[in-house]
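1. give the three-dimensional model of this entry:
(chains A and B)
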Number of protein chains: 2
Amino acid sequence: MVDALDDFYAVIPAGGVGSRLWPLSRADAPKFLHDLTGSGHSLLRDTWDRLEPLAGADRIAVVTGRAHRAAVEDQLPGIPDRNVFLESEPRDSAAAIGLAAAILHRREPDVIIGSFAADHVIRGTRVFEFAVRDAVEVAREGYICTVGITPSEPAVGFGYIKRGQELIVDGARDASLVERFVEKPDLETARAYLADRDYLWNAGMFISRADVLLAEIEANNPALHAGLLELAEAWDDRERRGPVVDRVWPTLPKIAIDYVVAEPAADKGRLAVVPGHFDWDDVGDFASLAKLNSGGRKNDLAILGENARILSDAASGIVVSHTTRVISLIGVKDIVVVDTPDALLVTTSEHAQRVKGVVDALKLTGRGDVL
Amino acid sequence: MVDALDDFYAVIPAGGVGSRLWPLSRADAPKFLHDLTGSGHSLLRDTWDRLEPLAGADRIAVVTGRAHRAAVEDQLPGIPDRNVFLESEPRDSAAAIGLAAAILHRREPDVIIGSFAADHVIRGTRVFEFAVRDAVEVAREGYICTVGITPSEPAVGFGYIKRGQELIVDGARDASLVERFVEKPDLETARAYLADRDYLWNAGMFISRADVLLAEIEANNPALHAGLLELAEAWDDRERRGPVVDRVWPTLPKIAIDYVVAEPAADKGRLAVVPGHFDWDDVGDFASLAKLNSGGRKNDLAILGENARILSDAASGIVVSHTTRVISLIGVKDIVVVDTPDALLVTTSEHAQRVKGVVDALKLTGRGDVL
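-> Just a heads-up that it's a prediction; the model follows:
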């Protein structure tokens, strides 16, 4: 057991649907509500369980859509009502994390917040805790700090963080400034990054004093900052919150936190990174999901679904069974089969990224009933 | 329009389940009851429609299982009750065709019967009629006559008939003795057969005087012959038929007509063949079904199912949709997807023959509910 960190508040933005995991992920059953690892818990619950020792059960906030309130509270029975921040509609990550920062800063001016996606998979809890502990110490010094994952393979599906100058911070074993962010590379570049220990995977984790984060938002997007302050000022007043949310939230700029906070801070030498030596995956598509659930072994068939009735012969890949049907797979390699009551997907690991295109096509052709 | 052939009676054995087409074909919905070509009719109905001009609606008999009586009568509203011959259990093709021969011979001693599978696909009705007309003339001379299909490709999934000495028969344009039957060849051999015009596909069609067929059965399997005569003698007596069927039918040897009739007759120089220059397929597996429904075009996705809701992106092969689910196929080539309410099959054309193994495994593992 570890002690909870002083001044620390964990924030879990639980927003994205996970279109590339359709028809498993849906508008009304987004990725973070699914058990994608066979752990018996949703990704959201696993995220909570990881953060609870660091923050304490009464110091974890979730930012989610109004439609998901009941599901979130069902997954997280320990969450205080006041820590569920409901969006009236999705406004991207800068608004979501900024809202949490503004509310928590009003409640507690010295708070340090750490933002962690609700739908990522992490293995190696103790190592995760070390990294967050270090990041909090770096944040205490006034930096915005991210945790960069040490790559275990030449991944082309993730963005990278290039480490720069070393930072000496009391209590943090290995911190650096971020030199720059790098977009998803091609395979050759990814191999070079893997060999060069200064490239880390960008897992979208940000740890920062709330006032520092808000100042960065103010500097780069004053309109967003003004809206967030207005929301936060009214938030804890039950009578005022509703009308202000209805009026202000839909006007906030839709923009990712990377552009409003991380990249500008890196340019100013205010963004730090500590390495995270744990297994991490954002489970971005079914290829990732297959790898996660087969332990990365070739020629294995990963099976997800409590009541799966699978009969396979020379098949590999992943089958997700959300019905009681018998599923027979013969001679199909690296296959992806997702069987749900109203929609069936058949593709391969190689084409898993194209699932999003199908979701878009379903929208355009009036078949949004299955999204 | 053609005139019906004198003395001719068509017999349609409607027995096999079509295990290689599971989960489309089932014990309670065998292959012959399905529309596999998008014609809007079942294969059984198409077979009837092909034979009706040659035999007349009151001279077509169907041999089928008791369980299929209602479905057969539903498909063939014109069939006289006395021409539906019901088996109490499957006893293979010699018993089925032999039963029809024995019954019809008792009713009409000079009858010439032609036996045609209920679940094959034929395109080119007029050419089919020419071939059967020729075969009937050959049968009138006392031969057992088959129709051999002129190959259109080096097929490895069919047996072949090697033509021998030419036969001069009045009214038959191109008849020969059968020199021998050849098992399914490898590709190289099939290519040689295609080049050599004396090899024809064995489509399992037999046209013969009923007395000649029965004499051949008697010579090669006296027990089967005795049982068939006992059944036929009682058949048209409503009170006697039931008890005799219950007693005798289950004791009949289970054997294919090829071994009791065709091969021995060929050895004795009593088996003839006329060529059939029409398109024919036994739709033995999903690879055949895919080819039939895509017109043989590469990179096409054939879709079967009236209510299919398919969304495909760079997919080829065949999808059979017997549900109302949205089916999305992405980047899968030569795929076979069969979607039914209680079972789903995913394989490829290359592995289509292995479906039978899955059916066997389902039986062995107590999942016969989906067969």
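2. okay, domains of chain A per the record?
-> Taking automatic domain parsing as the reference, chain A has its domains at A:8-281, A:286-370.
3. how far away from the center of its chain is the last one?
-> Here the centre of domain A:286-370 is set off from its chain's centre by 22 Å, with C-alpha atoms, centre = their mean, to the nearest Å.
4. measure A:G331 to A:E153 for me?
-> A:G331 sits at a distance of 28 Å from A:E153 (criterion: C-beta to C-beta, to the nearest Å). Using the backbone N, CA and C atoms, a C-beta is placed for each residue, glycine as well.
5. mean pLDDT for the domains of chain A: which is lowest?
-> Ranked by mean pLDDT, the domains of chain A end with domain A:286-370 at the bottom, a mean of 90.
6. nearest residue to the residue positioned nearest the centre of chain A other than its sequence neighbours?
-> Among the residues of chain A, the one closest to the centroid is A:A117, at 2.3 Å (C-alpha atoms, centre = their mean). In space, A:A117 comes closest to A:G204 once its chain neighbours are excluded; the distance is 5.7 Å by C-beta to C-beta, 6 or more residues apart in numbering or on different chains.
7. thought that neighbour was touching A:G114?
-> No - with contact defined as C-beta atoms under 8 Å, A:G204 does not count as touching A:G114 (11.6 Å).
8. what's the local residue count around the residue nearest to A:A117?
-> A:G204 has 21 neighbours, counted by other C-beta atoms under 10 Å in any protein chain shown.
9. packing partners of the helix or strand containing it?
-> Element membership of A:G204 [criterion: DSSP states H and E] is strand A:199-209. Contacts defined by 3 or more C-beta pairs under 8 Å, 6 or more residues apart in numbering or on different chains; DSSP states H and E place strand A:199-209 against helix A:92-107, strand A:112-115, helix A:125-140, strand A:144-149, strand A:160-167, strand A:271-276.
10. any chance you could map the strands in the stretch 201-350 of chain A?
-> A:271-276, A:279-281, A:301-304, A:309-313, A:317-321, A:326-330, A:335-339, A:343-348 (DSSP state E, counting those that start in this stretch).
11. can I get these in CSV with mean neighbour count?
-> As requested, the strands of the stretch 201-350 of chain A are exported to CSV (neighbours: other C-beta atoms under 10 Å in any protein chain shown):
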stretch, mean neighbour count
strand A:271-276, 27
strand A:279-281, 19
strand A:301-304, 20
strand A:309-313, 19
strand A:317-321, 24
strand A:326-330, 24
strand A:335-339, 25
strand A:343-348, 26
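12. looking at these, which is nearest to B:A195?
-> strand A:326-330 (33.4 Å; C-beta to C-beta).
13. roughly how far does A:T64 sit from chain B?
-> 27 Å (C-beta to the nearest C-beta, to the nearest Å).
14. is chain B within reach of stretch A:285-303?
-> No - judged by C-beta under 8 Å from any C-beta of the partner chain, stretch A:285-303 and chain B are separated, with a smallest distance of 10.1 Å.
15. okay, buried residues for that stretch please.
-> Across stretch A:285-303, burial judged by 16 or more other C-beta atoms under 10 Å in any protein chain shown covers A:285-294, A:300-303.
16. just give me the closest of those residues to B:L344.
-> Using C-beta to C-beta, those come closest to B:L344 at A:I303, 13.6 Å.
17. and the stretch 201-350 of chain A, which residues reach chain B?
-> Residues of the stretch 201-350 of chain A found near chain B (C-beta under 8 Å from any C-beta) are A:309, A:311, A:313-314, A:325-332, A:335, A:337, A:339, A:341-348, A:350.
18. so which residue of the stretch 201-350 of chain A comes closest to chain B?
-> Proximity of the stretch 201-350 of chain A to chain B (C-beta to the nearest C-beta) peaks at A:G331, 3.2 Å away.
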